[in-house]
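A.B. asks: can't give you the sequence, but here's the structure:
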C-alpha cells in the first residue's frame, strides 16, 4: 500500500510538472487553442493527473504484493551443539566390546 501511494504521488506531481509547460507549448504551436481559458486547462491537467495517479497506485500496489509473495522465508541460524569432543576410534572396541568377560 505504501509503494502504491508513493507511485501515485510521483505520478501526480510528474503529470502536473509536465502538463503545465506542455500546455503552454501546445497553445503556442496551435494558435486555435489559445481561446482555452486557464480553468478548463487546469481541469484537464487535473483529470489526467488523477488518472495517472490511480494507474500508478494500482501498479505500485501489485508490485508490492508480488514482492512480498516471492520473498524467501528467512531461516533462523541453527545453534551449534555443545560439548562436542573428537571421537577416538581406537578406544571404541574397548568401550563397546560385548565379548568382554565381567
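C.D. replies: Right, received. Where do you want to start? Note that the coordinates shown come from a computational prediction; the quantities given were computed from them, not determined experimentally. Numbering: from 1, shown residues only.

A.B. asks: if we go by neighbour counts, what in stretch 23-30 is buried?
C.D. replies: residue 23 (16 or more other Cβ atoms under 10 Å). Any C-beta I mention is one placed from the backbone N, CA and C, and that applies to glycine too.

A.B. asks: now that stretch: how far from the chain's centre is it?
C.D. replies: 38 Å (Cα atoms, centre = their mean, to the nearest Å).

A.B. asks: repeat that for stretch 22-35.
C.D. replies: In terms of Cα atoms, centre = their mean, the centre of stretch 22-35 is found 39 Å from the chain centre.

A.B. asks: kindly check the end-to-end length of it for me.
C.D. replies: Chord length of stretch 22-35, first to last residue, is 16 Å (Cα to Cα, to the nearest Å).

A.B. asks: pull the residues that contact it.
C.D. replies: Contact with stretch 22-35 is made by 36, 41, 45, as judged by Cβ atoms under 8 Å, 6 or more residues apart in numbering.

A.B. asks: list only buried entries from those residues.
C.D. replies: Judged by 16+ other Cβ under 10 Å, buried ones among the contacts of stretch 22-35: 41, 45.

A.B. asks: residue 61: what's it in contact with?
C.D. replies: Residue 61 makes contact with 1, 3, 4, according to Cβ under 8 Å, 6+ apart.

A.B. asks: any chance of CSV for the contacts of stretch 22-35, columns secondary structure and distance to residue 92?
C.D. replies: Listed next are the contacts of stretch 22-35 as CSV, based on DSSP: H, G, I helix; E, B strand; the rest coil; distance: Cβ to Cβ, whole Å:
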residue, secondary structure, distance to residue 92
36, coil, 96
41, helix, 92
45, helix, 85
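
A.B. asks: of the contacts of residue 61, which belong to helices?
C.D. replies: Among the contacts of residue 61, DSSP state H puts 3, 4 in helices.

A.B. asks: adding pLDDT and neighbour count, write the contacts of residue 61 out as a markdown table.
C.D. replies: Shown next, in a markdown table, are the contacts of residue 61 (pLDDT from 0 to 100; neighbours: other Cβ atoms under 10 Å):
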| residue | pLDDT | neighbour count |
| --- | --- | --- |
| 1 | 71 | 10 |
| 3 | 77 | 17 |
| 4 | 80 | 19 |
